[in-house]
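Got a sequence here, can you build the structure:
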Amino acid sequence: MAEQMPPDGDLGHAGAVVDKAIEFLAGQNISPLAIASALLGGAMGLLARTMDDAALVKVLENAIASVRSGELRGPADGRH
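The predicted structure is shown next:
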């Protein structure tokens, strides 16, 4: 399957819904690790159903590179 980026409007809408879900779950005193693990598991399942294994591995490699480079942390975080 070819890798496609979602339209900006779809990405913005999906991001807003996910942000609200995170806010709701945090308000239910669910741990950040549990929330993130559930979101990651759901995202991985969706990606596995919509792209081939090579494309999924590339997504994961990009995510690993972002973690290693510190890209996911803000400059004020300091936990590199």
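
quick one: the helices in the chain?
Using DSSP state H, the helices of the chain run over 8-27, 32-50, 53-69.

So which bits of the shortest one are buried?
Just to be clear, that refers to helix 53-69. By neighbour count on 16 or more other C-beta atoms under 10 Å, the buried set for helix 53-69 is residue 56. In short, each C-beta sits where N, CA and C put it, glycine included.

just the longest one next, same as before
Of the residues in helix 8-27, those buried by neighbour count under the rule 16+ other C-beta under 10 Å are residue 25.

That one versus helix 32-50: what angle between them?
150 degrees (axes from the mean of the first three to the mean of the last three C-alpha atoms, to 10 degrees).

The shortest one now?
An angle of 150 degrees separates the directions of helix 53-69 and helix 32-50 when computed by the same axes, to 10 degrees.

what's the distance between helix 53-69 and the middle of its chain?
11 Å (C-alpha atoms, centre = their mean, to the nearest Å).

same check, this time on the second one
Remark: helix 32-50 is offset 7 Å from the chain centroid, using C-alpha atoms, centre = their mean.

now swap in the first one and tell me
A distance of 11 Å separates the C-alpha centroid of helix 8-27 from that of its chain, computed with C-alpha atoms, centre = their mean.

Which residue lies nearest the spatial centre of the protein?
When C-alpha atoms, centre = their mean is applied to the chain, the residue found nearest the centroid is residue 40 (6.0 Å).
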